[in-house]
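Asker: coords please:
(chains A and B)
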Amino acid sequence: MTSLLEVKNLKVSFETEQGRVTAVDDVSFSLEKGKTLGIVGESGCGKSVTAMSILRLLPKPAGNIDNGEILFNGKNIRDLSIHDMFQIRGRKISMIFQEPMTALNPVKSVGKQIMEVYELHFPEMSKEDRKRSAIETFEMVGIPAPDRRLREYPHQLSGGLRQRVMIAIALACKPDILIADEPTTALDVTIQAQILDLIKDLQKEIGMGVIFITHDLGVVAQVCDEIVVMYAGRIAERANVFDLFKSPQHPYTHGLLGSIPRLELAPKTKLQTIEGMVPSLFDMPQGCRFQNRCEFVQEVCKSKIPPLEAFQGSHLVSCLRSKEIEWSDR
Amino acid sequence: MSDSLLEVRGLTKHYPIYGGILMKQVAKVYAASQVTFSLKKGETLGLVGESGCGKSTVGRTLLKLYRPTGGQIFFEGKEITDLSEKEMRPLRQDMQIIFQDPFESLNSRHTVGKILEEPFLVHKVGTPQEREKRIVELLDRVGLPERARHKYPHEFSGGQRQRIGIARAIALRPKLIICDEPVSALDVSIQSQIVNLLLELQKEMNMSYLFIAHDLSVVKHVSDRVAVMYLGKIVELTTAERIYEKAMHPYTKSLLSAIPVPDPTKRAEIQALKGEVPSPRNPPSGCHFHTRCPFAKDVCRTKVPEFKEEATEHFSACHFSQELKDQ
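Answerer: The predicted model follows:
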């Protein structure tokens, strides 16, 4: 059986004034129908670039996919013409972004913006049908008084409502895959809870696969089935959500989980940290990219790139020392 | 109380809205109303709430960066509410602030050395040699190399810039620091570094913090006591342990339940609050929270709940605190 989406050995680089940098290196994962894949990592780890590559939305001419395959229902997206890509974007694979204010057009009413999607993908639809579908979709994502809201402009809506509009536009054609890039990061926690619930419910209804990109480990624990942890453009660890949180194998994943101030911790205790910071893309070390922050680093880590290997079954980790390190039970 | 550093009584800040042809005042934004709390020496009070709840307004009004509409502020027992800018100036050595985005609060045309020298120059502290020595000490204390002095803010990462902001805030050994969302913009591995640094510095220098943030788990972690704000008012105030274990106010409870727990085996059906925060321009009658509260009754729509001590050191503003506290 072919996966809904399979990314194999993706490598993406950008041309900059200071030379070519590799933002994503050797990234592979797959997404099944109806499942949610989380891509977690901190700023600059390549998670958004990975998402942009899937939709071929990398800035041109600076960004380039150097290597790898992106198979959507078994077909390589990289081989498609621009015209074919139009048929996929928004209809088969759609995306929602962190800040709906910059993703929505400020001078068009939100109704016009969602009806454009129908106009583009279903030109045979009549104007009335388009409007009816728009109202239905707004209702589906829980926008109150949808027929009135259609006439409003993005600045007239609250942050939570704007995010609902963007989700409505993304889901207008009931896509096979939804890519959500930090969809709740700019929202308050009570509104975040509403939006996460909404995405989960809609996923059940439409049966789509979701790629959830976030830096928030709390969010991935709540919504994802599979998780890819990225660090400095590479995959550090890949596992199903239960294995990852129960027995993280990469020192980076371990450090990340330890850094979260959990509610059950006693107040004012010292948090676990990962010392130092992510190396610059211009100055990536040889070997493992986490070496300068890793407490288990040895000589071999400085020369050999750790391959992504099975730790147990489908739990993959890219650390040369993961089998030697004994993690105390969490 | 002798060990109290800061006392705030009934602090209120309303912003006027002007409109019409004559630009008369047509409405008010009720940013903060009747905010009362105290802060002891060496203590951290967390101030938590969603966007627009007035938490930053409280922090800035305290420092007299905004002129309060009503209420009183006492610093070390002395009332500072009506002091002029000139009279405030000597006190500013003792009261500092750290902002969310240190990039916007650091002068991009000054080197880090110059940024850190400024507090000493403004308050005429030390000789050039002494200042020089202190700057090196400060950089070292916040974990930056000495050569950072000659660089500009844009050459640093977000976490390092926050370290510069902290170094500037502690330069004159203040007694109080208002930390306004100091870690919200940072990645989680950097966030924990900065949280630890703030905790260490507090111990070393016996400073008091007012820690303002929207993230209840961070606030709970750094604070001794936590105040929860909703639409300009404090709705609950108690110790950090109690806010997590024994929250009384329905708003605090829903904030707690909305935090996504980093544990996939605890996937609760989140009881998401319905609706959104109403506008502070026209807050609901009675209890401000009644439009979203799952327990709202008739009395909540008409009568403003009193903010009172429902258990030892546990204040809550809800008509049904006693009934709801065990749910």
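Asker: make it CA atoms for all contacts and neighbour counts henceforth
Answerer: Noted.
Asker: Give me the pLDDT value at residue 97.
Answerer: Picking chain A for this. Per-residue confidence (pLDDT) for residue A:97: 87.
Asker: Please refer instead to chain B.
Answerer: 95.
Asker: nearest residue to it other than its sequence neighbours?
Answerer: Leaving aside its chain neighbours, residue B:97 sits nearest to residue B:178 (4.5 Å; criterion: C-alpha to C-alpha, 6 or more residues apart in numbering or on different chains).
Asker: The one you found in helix, strand or coil?
Answerer: Here residue B:178 is strand, with the state taken from DSSP: H, G, I helix; E, B strand; the rest coil.
Asker: Surely it is in contact with residue B:98?
Answerer: Yes: between residue B:178 and residue B:98 there is a contact at 6.3 Å, judged by C-alpha atoms under 8 Å.
Asker: Look up how far chain B lies from residue A:57.
Answerer: Residue A:57 sits 25 Å away from chain B, going by C-alpha to the nearest C-alpha, to the nearest Å.
Asker: Quick check: residue B:28 is in a helix.
Answerer: No: the assignment for residue B:28, made by three-state DSSP, is strand rather than a helix.
Asker: Give me the buried stretch members for the least confident helix or strand in chain A by mean pLDDT, please.
Answerer: The helix or strand of chain A with the poorest confidence is helix A:100-103; it has a mean of 82 (mean pLDDT, DSSP states H and E). Residues of helix A:100-103 classed as buried by neighbour count (16 or more other C-alpha atoms under 10 Å in any protein chain shown): A:100-101.
Asker: Over to stretch A:244-255?
Answerer: By 16+ other C-alpha under 10 Å, the buried positions in stretch A:244-255 come out as A:244-245, A:247-255.
Asker: picking up where we left off before, show me what the least confident helix or strand of chain A packs onto, helices and strands only.
Answerer: helix A:159-171 (3 or more C-alpha pairs under 8 Å, 6 or more residues apart in numbering or on different chains; DSSP states H and E).
Asker: Could you export whichever helix or strand comes after the helix it packs on as PDB, CA atoms only?
Answerer: The C-terminal neighbour of helix A:159-171 among helices and strands, as given by DSSP states H and E, is strand A:177-181. Extracted in PDB, the C-alpha atoms of strand A:177-181 (Å, rounded to 0.1, in the frame of the first residue of the first chain):
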ATOM      1  CA  ILE A 177      -3.700  16.700   3.300                       C
ATOM      2  CA  LEU A 178      -3.700  19.700   5.600                       C
ATOM      3  CA  ILE A 179      -0.400  21.200   6.500                       C
ATOM      4  CA  ALA A 180      -0.700  23.400   9.600                       C
ATOM      5  CA  ASP A 181       2.300  25.500  10.300                       C
END
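Asker: Sheet partners, orientation included, of strand A:177-181?
Answerer: strand A:93-96 (parallel), strand A:209-214 (parallel) (DSSP bridges).
Asker: name the element the residue in the stretch 151-300 of chain B that chain A sits nearest to belongs to?
Answerer: Of the residues in the stretch 151-300 of chain B, the one nearest chain A is residue B:262, at a distance of 3.8 Å by C-alpha to the nearest C-alpha. Using DSSP H and E, residue B:262 sits in no helix or strand.
Asker: Near the closest residue to residue B:238 other than its chain neighbours, how many residues? Count them for me, please.
Answerer: Nearest residue to residue B:238, sequence neighbours excluded (C-alpha to C-alpha, 6+ apart): residue B:314, at 4.5 Å. Residues lying near residue B:314 (other C-alpha atoms under 10 Å in any protein chain shown) number 18.
Asker: who's in contact with residue B:314?
Answerer: B:236-239 (C-alpha atoms under 8 Å, 6 or more residues apart in numbering or on different chains).
Asker: who does it bridge with?
Answerer: Here residue B:314, judged by DSSP bridges, has bridge partners residue B:311.
Asker: ok, back up a step: if the residue nearest to residue B:97 is in a bridge, with which residues?
Answerer: Going by DSSP bridges, residue B:178 is paired in beta bridges with residue B:97, residue B:210.
Asker: quick one: the helices in the stretch 1-150 of chain A?
Answerer: Along the stretch 1-150 of chain A, counting by DSSP state H, counting those that start in this stretch, helices occupy A:47-54, A:82-88, A:100-103, A:110-121, A:127-140, A:146-149.
Asker: for the ones you listed, which one sits closest to residue B:81?
Answerer: When the helices of the stretch 1-150 of chain A are compared by C-alpha to C-alpha, helix A:100-103 sits nearest residue B:81, at 38.9 Å.
Asker: can you list the residues that contact the closest one?
Answerer: By C-alpha under 8 Å, 6+ apart, helix A:100-103 touches A:97, A:154-155, A:159, A:162-163, A:166.
Asker: Up against chain A, what does the stretch 101-250 of chain B have?
Answerer: By the rule C-alpha under 8 Å from any C-alpha of the partner chain, the part of the stretch 101-250 of chain B lying against chain A is B:187-193, B:195-196, B:199, B:214-215, B:217-218, B:220-224, B:240-241, B:244.
Asker: Narrow those to those in helices?
Answerer: Applying DSSP state H to these, the entries found in helices are B:188-193, B:195-196, B:199, B:217-218, B:220-222, B:240-241, B:244.
Asker: out of the helices of the stretch 1-150 of chain A, deepest packed?
Answerer: helix A:47-54 (a mean of 22; mean count of other C-alpha atoms under 10 Å in any protein chain shown).
Asker: could you list every residue that touches the closest residue to residue B:172 other than its chain neighbours?
Answerer: In space, and not counting its chain neighbours, residue B:172 is closest to residue B:93: 6.0 Å by C-alpha to C-alpha, 6+ apart. Counting by C-alpha under 8 Å, 6+ apart, residue B:93 touches B:123, B:172-174.
Asker: Residue A:311 now?
Answerer: Residue A:311 neighbours (C-alpha under 8 Å, 6+ apart): A:317, A:323.
Asker: Checking it next. Helix, strand or coil?
Answerer: Per three-state DSSP, residue A:311 ends up strand.
Asker: Could you pull out the strands in the stretch 151-300 of chain B for me?
Answerer: For the stretch 151-300 of chain B, the strands defined by DSSP state E, counting those that start in this stretch occupy B:176-180, B:208-213, B:225-230, B:233-239.
Asker: Report pLDDT for residue 258.
Answerer: All of this refers to chain A. Residue A:258 is assigned 91 on the pLDDT scale.
Asker: That was the other one, I meant chain B.
Answerer: 90.
Asker: so it touches residue B:272, yeah?
Answerer: Yes: between residue B:258 and residue B:272 there is a contact under C-alpha under 8 Å: 6.5 Å.
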